[in-house]
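[1] Kindly return the folded structure for what I paste below:
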Amino acid sequence: MENGGYAMDLGKKRLFLLDLDGTVYLEETLLPGAAAFFRWAAESGAHVRYLTNNSSRGVEAGLEKMHRLGVPARREEFLTAVEAAIYYLRTRRKAGEAYYVVGTESFCSQLRQAGIDVRHTPDADVAAVLVGFDTELCYQKVEDACRLLFRGADFLATNPDLACPTLYGFMPDCGAICRLIVSAVGREPVYIGKPDPTMIRLALEQTGCAAEEALMVGDRLYTDIACGRNAGVDTVLVLTGEATAADAAASATPPTLICRDMAELLARIQEAQS
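    Numbering: from 1, shown residues only. So this is what the prediction gives:
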């Protein structure tokens, strides 16, 4: 289903930017067409990059999961909200600042390894609160974050995703955790991951592809599809995760194309490139 007002030429696409949760897999299950898509990509020489807003686990854990699911992914193909956050803190913030992090120990560990000063207590010298997808969330973290924000600390977050898809439905993601804090402090965070176009721009730079050769594929309109539009690349919404076709029709950021799943997308690509 074309939804962007023009006929996209899938035959010219050679960089595929893929969301993971709700697009490629749900928990421990590959979604329809994903395995066949990766076989086709390897055989055709297409570039693949995995763009995920999930900051709860590191790249190594994500890579191990892909291998467990039978996907021959490589470390350099991952661009995550963690890497986007590190890039943001290094390039947009003052050197040496301290951050109170509402996030998993994996997230905190990656920040520390990158030289970021991570705090677990609401110290007086904390410059900003940084919220991620925290599957280890406790109320003390929320209270400490609010305390710091009322003191005047800046408010940052990895991503605005409200819900993370699971086999049983959905669970609160980073955006939902932020809503809890926002309702108390009356301040909105600056979101670093998708829909900010940084990850896509990094992928274009890494692969040497032009924007018109890239395709962003995801299941969320306000992160995946908006990210593609913000980066000037075509987008595909798959209906295996959060958004529905009705959501897309009513959206201010509609996708270029809507597909039932990765299987339908692959069929369209192969038809266009035959």
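
[2] Next, the contact list for Y191, please.
    Applying CB atoms under 8 Å, 6 or more residues apart in numbering, we find Y191 in contact with 157-160. C-beta coordinates here come from the backbone N, C-alpha and C atoms, glycine included.

[3] try 6 Å
    157, 160 (CB atoms under 6 Å, 6 or more residues apart in numbering).

[4] Likewise for A245?
    A245 makes contact with I258, according to CB under 6 Å, 6+ apart.

[5] Show me where this protein dips below the pLDDT cut-off.
    Low-confidence segments of the chain, defined by pLDDT under 70: 1-7.

[6] Mind giving me the packing neighbours of the helix or strand hosting L130?
    According to DSSP states H and E, L130 maps onto strand 126-131. Under the contact definition 3 or more CB pairs under 6 Å, 6 or more residues apart in numbering; DSSP states H and E, strand 126-131 sits against strand 98-102, helix 139-151, strand 154-157.

[7] okay, the ones you listed in JSON lines with distance to V48 and mean neighbour count next?
    Output for the helices and strands packed on strand 126-131, formatted as JSON lines (distance: least, CB to CB, whole Å; neighbours: other CB atoms under 10 Å):
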{"stretch": "strand 98-102", "distance to V48": "30", "mean neighbour count": "23"}
{"stretch": "helix 139-151", "distance to V48": "35", "mean neighbour count": "17"}
{"stretch": "strand 154-157", "distance to V48": "27", "mean neighbour count": "22"}
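
[8] how about CSV for the ones you listed, with distance to T235 added?
    Formatted as CSV, these follow (distance: least, CB to CB, whole Å):
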stretch, distance to T235
strand 98-102, 30
helix 139-151, 33
strand 154-157, 23
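
[9] how about the strands in the stretch 1-150 of the chain?
    For the stretch 1-150 of the chain, the strands defined by DSSP state E, counting those that start in this stretch cover 15-18, 25-26, 29-30, 47-52, 78-80, 98-102, 117-119, 126-131.

[10] List the neighbouring strands of the first one plus their orientation.
    Here strand 15-18 is paired, per DSSP bridges, with strand 47-52 (parallel), strand 214-218 (parallel).

[11] Tell me if I'm right that F107 and G58 touch.
    No - contact criterion CB atoms under 6 Å: F107 and G58 do not qualify, at 7.9 Å.

[12] quick one: which of these two has more around it?
    The neighbour count for F107 versus G58, taken as other CB atoms under 10 Å, is higher for F107 (28 against 18).

[13] List the residues that contact the more buried one.
    55, 132.

[14] 8 Å instead, please
    By CB under 8 Å, 6+ apart, the contact set of F107 is 55-56, 58, 82, 101, 132, 134.

[15] Could you report the distance from it to L149?
    Using CB to CB, to the nearest Å, F107 is found at 19 Å from L149.

[16] From R92, how far out is the nearest residue to D154 once chain neighbours are set aside?
    Using CB to CB, 6 or more residues apart in numbering and skipping residues adjacent in sequence, the residue nearest D154 is A128, 3.7 Å away. To R92, A128 is 11 Å away according to CB to CB.

[17] which residues do F107 and G58 both contact?
    V82.

[18] Would you quantify the distance from F133 to G103?
    7 Å.

[19] and N230, what does it touch?
    Counted by CB under 8 Å, 6+ apart, N230 has contacts 195-197, 200.

[20] Which of the three states applies to it?
    Counting by DSSP: H, G, I helix; E, B strand; the rest coil, the backbone at N230 sits in helix.

[21] With neighbour numbers in mind, choose between A128 and R92.
    Neighbours per residue (other CB under 10 Å) separate A128 from R92, with A128 holding more: 19 against 10.
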